[in-house]
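Student: Give me coordinates for this.
(3 chains)
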Amino acid sequence: MPCTRLIAALCALLAATAAWQVRGHHAFSAEFDKDAPVTLEGKVTKVEWINPHAWIHLEVTGEDGEAVPWMVEGGTPNTLLRAGIHKNSLPIGSEIRVRGYRAKDKRCEPACKANGRDLIFADGRRVFMGSSGTGAPKDGADPRKR
Amino acid sequence: MNSHRVIALLTLAALGTTGVRADYEPPRTAGGKPDFTGVWQVLNTANHNLEAHTGRAAQIMREGPVVPVPASEVVALGAVGALPPSLGVVEGDEIPYREDALAQREENRRNWMTADPEVRCYLPGIPRATYLPHPFRIVHNDDTLLFSYSYAGAVRNVRMEDPGPAPIDSWMGQSWARWEGDTLVIETSGFNGRTWFDRAGNYHSDKLVVTERFERTSDHTIEYTATMEDPAVFTRPWTIRMPLYRRVGRDANMLQFNCVEYVEELMYGHLRKEPLD
Amino acid sequence: MEAVKTCVLIFALLLAGGVCADEWQVPRMPWGDPDLQGIWTNATITTLSRPDEIDELVLSEAQAAALEREGEEALAKIDDLPEGDLKAGDSVGGYNAFWVDPGTRVLRVRGEPRSSIIVEPEDGDIPYTLWGRARFYWNGYKMLNWHNNPEERPLGERCTVGFGSTGGPPMLPVLYNNNYQIAQTEDHVFILVEMNHNVRTIRLDAEPLPAAVRPWLGDSIGHWEGDTLVVRTTQFHPQQNLRAAIKHQFYMTEDSVVEERFTRINENEILYQFTVTDDSIYRRPWRGELTLRATEGPIYEYACHEGNYALPNILSGARQEERN
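Tutor: Numbers count the residues shown, from 1 in each chain, chains lettered A, B, ... in the order given. Sure, this is the predicted structure:
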C-alpha cells in the first residue's frame, strides 16, 4: 500500500535526520574521517582568520625528517576576538600540539588537513586560553556588560 | 572684457574640481555634521586601472602578428571585454612603487585572471570597494556610520573613535572616523594584504594605511580622496581623487550582488561528481 | 465638585498610564521613531522547538537554573577529553569549547523563562502538513548525504548567508556569532547580521521589489505601528529553504511570508516576535518570541568565502571516497 510505503520512507528519513551532527557551519562527518585520528606537533607557519573556521598552518616534521605542511581547522575567530584574543595570542613560530581527525581528502594538496579538536602549546597551556579576556560568552545576559 | 565673460570667469573661479559651489550647504545630522546617507557610485573606470591608460581590446592580451590581441581566455567577449581609455584618478598620475614592488605589480597584471581577488568574488578591501562598478550605501547618523556595498555584500562598520590596533588582520580592515570641519575622515588599517586596488594588478601589503576624505560638494556629489601609505610597497604616500555620485529615484534601491554563488563553477566545478566539460 | 472629580480621575489615569511615574521612556531617533540602534544578541540555550520532555512554554526559575547548569556542564565537558591520542571511530566533536558561544542562559521574554522560542502552536513544534514534513526531511536527507555538487550543500557551507536561520528572517540563535547591528534612517532600517556579513535592508512604507528579484534573506518592507517596527518579508531566494543548525532545523519555501515585530521594551532589550506563514507546507502559521539583548560591539568581519576550505574539502573528500 503506497501510504505504508510513504510512512516507511518518512521513518527512514527521520532516522537519518536524527543522526544530524551539524555543528553549525558544516557536519563534521562530511569533511573529516572519524576513523583517522591524528596527533600533530609542529611550528605554526600561518594563521588564516577566516569564518567560521580559522585555519592554522603547521610545519610538522615527518618520520623521515622531512617537513610536512599541515593545515588544521579551528572554529570561528570572532568568538575569540570577543574574549580578548588577538593575532599575537598564537604567534608564528609557536610550537603546538594538535589532536584531531584527518580530512577525508588525504591527498595533502597543498597541505595535509585535519580538524583541530584540541590545541595545546608545547608547554601544556591551552591555545587561546591564556588571554587577557575572561573567555566568558558575551550573550548580553548580564546588563552590567553593556 | 565684456560682462558676460567676467561672470563666466567668476563662476568658474567659484567652482571646485567637481564643478560645484564651494559654499554649498549640505544636509546635516541632528548633531550638525554633514549627512552622507545615501546610495553612491562612481562614474569612472578606476577599477580597471587607477593610472591613466589608453583604450585596449581586453584586460589581458597576448602577442599578435602585428599588435597585441586579446588573450585566448577572453577573446570570445569581443567588445564587451574591451576597456575604455581613462585619465586616471591618481594625483601626479603615477603610483610611486618601490622597484621590487613594481615587478610584483607586473606579475599580478600578467596573472590577472587567476590572481585578482575580484574574479573570485573576494571582499574588495579599501579603497577598492568605493570605485568598483557597483553601488554602495552609507548609513549615517550621529551614532552610526555603516557602509553597505552591493558587491559581495561587503560591509564596513566604521567606529566613531580610534579603537587602537586591529586585533587580527582582515579583508576590509578596521575603520574609524573623525571630522576635520565638514570633511569626514576615515582611517583604515589592519588589512591582511590580500586585496588589490584594481584589475591592473596594483596592490599593497598588510602594512597599508588608508586615509579617506569625504566632502559633500552638492546634493548629488561627494568629493572623495584616499591616501595610501605602505612603506613596504611604495616610496611615498599617494592619493587618488574622484567624485562619488548619488543614485536617485528607483536607482536608489541598492540590490545585492552576492557573487559568491556566481563563482562556484569557477572555484569548485572540478570537484563535481560529474564535472562539466 | 464635579471639577475636582474630573481632576482626580485625570490624575489617576495619568498615574495608571505611567506618565507621572519616573519610568523608562523609549529612546527616539531625531525624527521621532523609536531608537533600535546598537549591537544586539539573541544568544540563548533555548531551542526553537520545545524539547520532548517539557510540556509547558513557561519554566520556573528553578527549571531554568537547572537547564543553565546542564548547558554549562556540557560545554565544560568538551575540553575534558582524556590525555593521549584520540580514538578511531569516536564522535568527540569538532574543536575546543572556546570557539563556540552558544549563550549561557535560558531565553527570558519579559523576564519569563521559556522552554522554546515557538509560542504557537501550543505544543511548541512547527505545524507541518504531511507534505511539508516530507519536504523538510527530504531536504535534510539531501544535506547530510549529497556531496555531488557545490549547489547541493547548505548555504552556510557555501558562504552565501550564515548557517541555519541566523540571518533569517526569522533571525534565530545558533552556535556562535549571534550578533546584530541595527542602524536607522528615516526611510530604512538596516540589520547587519554578523554571519555572513549580510545587511538586511528594510525599506519603510515601500513597494515590493519586482517579482523576478529574489534577494538572499528576502525582500523586507517595514512600517511603524506605534512604537513597534513591523517587517513583512517575502520573495525569498529559491535556494534559501532549509534552515538547519544545532538549535533549530526547519524548512521554508521561497514563497513563505515572515512578519517580524521589533519593540524596544527597556534600555537593554528588544522584544522580537515573528510569525511564519506558508499554506503549502504548514497547517497553520507559527509564531515565536525572542529577546534581543544589548551587547558589546563591535561586529567583526565575517570573511567566509575568502578562505572556504570546508566546501572543497567536503566535495573532494566525497570524490576520494568514491574512488576507494
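Student: can you tell if stretch C:150-163 touches chain B?
Tutor: Yes - Stretch C:150-163 lies within reach of chain B by C-beta under 8 Å from any C-beta of the partner chain, at C:P150, C:E151, C:R158, C:C159, C:T160. The C-beta positions use only the backbone N, C-alpha and C, and glycine is treated the same way.
Student: That stretch near chain A at all?
Tutor: Yes - using C-beta under 8 Å from any C-beta, stretch C:150-163 reaches chain A at C:R153, C:P154, C:G156, C:E157, C:F163.
Student: Show me what residue of the stretch 51-200 of chain C gets nearest to chain B.
Tutor: Among the residues of the stretch 51-200 of chain C, C:N148 lies nearest to chain B; the distance is 3.9 Å by C-beta to the nearest C-beta.
Student: for chain A, which strand is longest?
Tutor: As assigned by DSSP state E, the longest strand anywhere in chain A is strand A:32-48.
Student: Tell me the first helix or strand C-terminal of that one.
Tutor: Going down the chain from strand A:32-48, the next helix or strand is strand A:55-61, by DSSP states H and E.
Student: Can you name the element that comes right after that following strand?
Tutor: Next element after strand A:55-61 (DSSP H and E): strand A:67-73.
Student: Dump the C-alpha coordinates for that next one into PDB.
Tutor: Output of strand A:67-73 as PDB, limited to C-alpha atoms (Å, rounded to 0.1, in the frame of the first residue of the first chain):
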ATOM      1  CA  ALA A  67      59.000  19.000   6.900                       C
ATOM      2  CA  VAL A  68      55.300  18.300   6.000                       C
ATOM      3  CA  PRO A  69      52.900  21.100   5.800                       C
ATOM      4  CA  TRP A  70      49.600  20.600   7.600                       C
ATOM      5  CA  MET A  71      46.600  22.900   8.000                       C
ATOM      6  CA  VAL A  72      44.200  22.400  10.900                       C
ATOM      7  CA  GLU A  73      40.600  23.700  11.100                       C
END
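Student: name the helices or strands packed onto that strand?
Tutor: strand A:32-48, strand A:55-61, strand A:95-103, strand A:112-115 (3 or more C-beta pairs under 8 Å, 6 or more residues apart in numbering or on different chains; DSSP states H and E).
Student: out of those strands, which comes closest to chain C?
Tutor: Here strand A:32-48 is closest among those (C-beta to the nearest C-beta), at 3.8 Å.
Student: Next one, pLDDT for B:L9 please.
Tutor: Predicted confidence (pLDDT) for B:L9: 46.
Student: Next, count neighbours for the closest residue to the residue of the stretch 51-200 of chain C closest to chain B other than its chain neighbours.
Tutor: Closest residue to C:N148 apart from its sequence neighbours, by C-beta to C-beta, 6 or more residues apart in numbering or on different chains: B:K273 at 3.9 Å. Using other C-beta atoms under 10 Å in any protein chain shown, B:K273 is surrounded by 13 other residues.
Student: what does B:M242 give?
Tutor: Burial of B:M242 is recorded as 22 neighbouring residues (other C-beta under 10 Å).
Student: Up against chain B, what does chain A have?
Tutor: Proximity of chain A to chain B (C-beta under 8 Å from any C-beta) is limited to residues A:W49, A:P77, A:L81, A:I85, A:H86, A:K87.
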